[in-house]
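Undergrad: Kindly return the folded structure for what I paste below:
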Amino acid sequence: MDRVRALRVEKVRRLLKEREADALLVTRAVNRRYLTGFTGTAGIVLISADRAAVITDFRYREQASAQARGFEVVEHGLDLKADVAALAHGWGVKRVLFEDYDMSVAEHRGWTEKFRSAELVPAGRLVEGLRAVKDESELAVMREAAGLADRAFEHVLPKIRPGVTEREIALELEWFLRGQGADAMAFDTIVASGPRSAMPHGVASERAIGAGEFVTLDFGAYYKGYCSDLTRTVVVGKPTDRHREIYGIVLEAQRTALEGIRPGMTGREADALTRDVIKRYGYDEYFGHGTGHGLGMEIHEAPRLSRTDETVLVPGMTVTVEPGIYLPGFGGVRIEDDVVITETGIEILTRAPKELIVLE
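TA: Purely as a prediction, here's the structure:
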């Protein structure tokens, strides 16, 4: 087992001790990959105080042995749940934490029927809590993923002009990112122009971009198992005073947050940094989402920068900072960067320019 994954397993074992449990049953694919490095599409992880195993089927036994070094690799038969329960029984575990939020009632019933010699206890988001704080190997990959997004934005700018469809811009972004080494897009690319830019999640459509319009681009690379997430808004043609006003407010709100976010504050307090600026200008009713979200192996992770999140920000957490204003019938602006919480403030991972870009 490599040093990084050994440390992750050790953290799990400390949490097991704190919760007076004997083992953790991991059913969620992204958590399986985080703990073991195994990228196959089928498998269960079982970790106890002194043993750790990946249970998978015939298709993935060789792959799991190569990727999940240091873990026992067990090939299950026709009844996965029965075989996992038998393995746990052989380890002598009596109290097993399971990923309750990731399991249907029917699935839970099936596991309970097989784990007759052990008690299944909800784990909550135990592994997600570990994933929220990135180690240096993760941050190195995320810096690369952010750089890919920056270069994609630079590449696509000359392609944005009247008559080109949103979908064509989205495809250009994907073509470039895949050519630069991205494994996939981090999420469905948002390209929203004109009135559609007032839709925070306006996934690219066949609409042709017009002159005198905002165009919002929100996209990211999925690279070596991690995501980047970048949003920039530009104007095609001559901007009006209203375009400049709305853009300026969002930019001020975003910069205020980037200057003010620090370890020790809560997600709610970080959210207030942008929200208070937008409210001061009278546009608070047009900013209906949170300031940001955690980012990593998934595009949305813990913590959240929102009005309700009391999670305390600590060094190593990676979050987006993405305030916006959305005016129905006119358009909207969102500006987003990826940042990592440091000991003294933040490190900004995405570096694409964000002064108002006017594409004549």
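Undergrad: so how many other residues sit close to residue 79?
TA: 12 (other Cβ atoms under 10 Å). No exception for glycine: its C-beta is placed from N, CA and C like everyone else's.
Undergrad: Ramachandran angles for it?
TA: When read as degrees, to the nearest 10, the backbone of residue 79 gives phi -120, psi 90.
Undergrad: Could you find the closest non-adjacent residue to it?
TA: Residue nearest to residue 79 in three dimensions, not counting chain neighbours: residue 114, with 7.8 Å by Cβ to Cβ, 6 or more residues apart in numbering.
Undergrad: Look up how far residue 57 lies from that neighbour.
TA: Counting by Cβ to Cβ, to the nearest Å, the gap from residue 114 to residue 57 is 17 Å.
Undergrad: how about residue 63, what does it touch?
TA: 38, 39, 40 (Cβ atoms under 8 Å, 6 or more residues apart in numbering).
Undergrad: Model confidence for the first one, exactly?
TA: Turning to residue 38, the model gives it a pLDDT of 97.
Undergrad: What distance do you get for residue 332 to residue 235?
TA: Counting by Cβ to Cβ, the gap from residue 332 to residue 235 is 12 Å.
Undergrad: just residue 66 next, same as before
TA: From residue 66 to residue 235 the distance is 51 Å (Cβ to Cβ).
Undergrad: Residue 195 now?
TA: 14 Å.
Undergrad: For the chain, which segments are assigned as helices?
TA: 3-18, 29-36, 61-67, 80-91, 105-114, 126-131, 136-156, 166-179, 241-260, 267-280 (DSSP state H).
Undergrad: quick one: which of residue 66 and residue 235 has more around it?
TA: Under the criterion of other Cβ under 10 Å, the comparison of residue 66 against residue 235 puts residue 235 first, with 22 against 11.
Undergrad: I'd guessed the more buried one sits against residue 242; true?
TA: No. Counting by Cβ atoms under 8 Å, residue 235 sits too far from residue 242 to count as a contact (10.9 Å).
Undergrad: burial of the residue lying closest to residue 119 once chain neighbours are set aside, as a residue count?
TA: Nearest in space to residue 119, with sequence neighbours left out and distances taken as Cβ to Cβ, 6+ apart, is residue 95 at 5.2 Å. Each residue near residue 95 was counted by other Cβ under 10 Å, and the total is 14.
Undergrad: what do you get for the one 5 residues further on?
TA: Close neighbours of residue 100, defined as other Cβ under 10 Å, add up to 14.
Undergrad: Which of the residues in stretch 349-360 are classified as buried?
TA: Across stretch 349-360, burial judged by 16 or more other Cβ atoms under 10 Å covers 349, 350, 352, 354, 356, 357, 359.
Undergrad: who wins for most neighbours among the contacts of residue 63?
TA: residue 38 (24 neighbours).
Undergrad: which residues touch that one?
TA: Here residue 38 is in contact with 32, 54, 56, 60, 63, 64, 67, 68, 71 (Cβ under 8 Å, 6+ apart).
Undergrad: okay if I get the residues you listed as a markdown table plus pLDDT and distance to residue 142?
TA: Below are the contacts of residue 38 laid out as a markdown table (pLDDT from 0 to 100; distance: Cβ to Cβ, whole Å):
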| residue | pLDDT | distance to residue 142 |
| --- | --- | --- |
| 32 | 98 | 20 |
| 54 | 98 | 25 |
| 56 | 98 | 28 |
| 60 | 96 | 27 |
| 63 | 97 | 25 |
| 64 | 97 | 26 |
| 67 | 97 | 21 |
| 68 | 97 | 23 |
| 71 | 97 | 25 |
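Undergrad: In terms of distance to residue 103, which of those residues ranks first?
TA: residue 32 (13.9 Å; Cβ to Cβ).
Undergrad: Please report the distance of residue 122 from residue 24.
TA: 12 Å.
Undergrad: same deal with residue 3?
TA: Taking Cβ to Cβ, one finds residue 3 at 20 Å from residue 24.
Undergrad: between these two, who's got more neighbours?
TA: More crowded of residue 3 and residue 24, by other Cβ under 10 Å: residue 24, with 26 against 9.
Undergrad: pretty sure that one contacts residue 95?
TA: No. Judged on Cβ under 8 Å, residue 24 makes no contact with residue 95 at a distance of 10.5 Å.
Undergrad: so what sits against both of residue 122 and residue 24?
TA: In contact with both residue 122 and residue 24: 97, 98, using Cβ under 8 Å, 6+ apart.
Undergrad: how far away is residue 336 from residue 191?
TA: 14 Å.
Undergrad: between the two, which one's more packed in?
TA: Taking neighbours as other Cβ under 10 Å, residue 336 and residue 191 compare with residue 191 leading, 29 against 24.
Undergrad: doesn't residue 204 make contact with the more buried one?
TA: Yes. Counting by Cβ under 8 Å, residue 191 touches residue 204, with 4.0 Å between them.
Undergrad: Domain-wise, how is this protein divided?
TA: Domains of the chain are assigned by automatic domain parsing as 3-131, 136-359.
Undergrad: Quick check: which of the ones you listed is buried the most?
TA: domain 136-359 (a mean of 19; mean count of other Cβ atoms under 10 Å).
Undergrad: No further questions, thank you.
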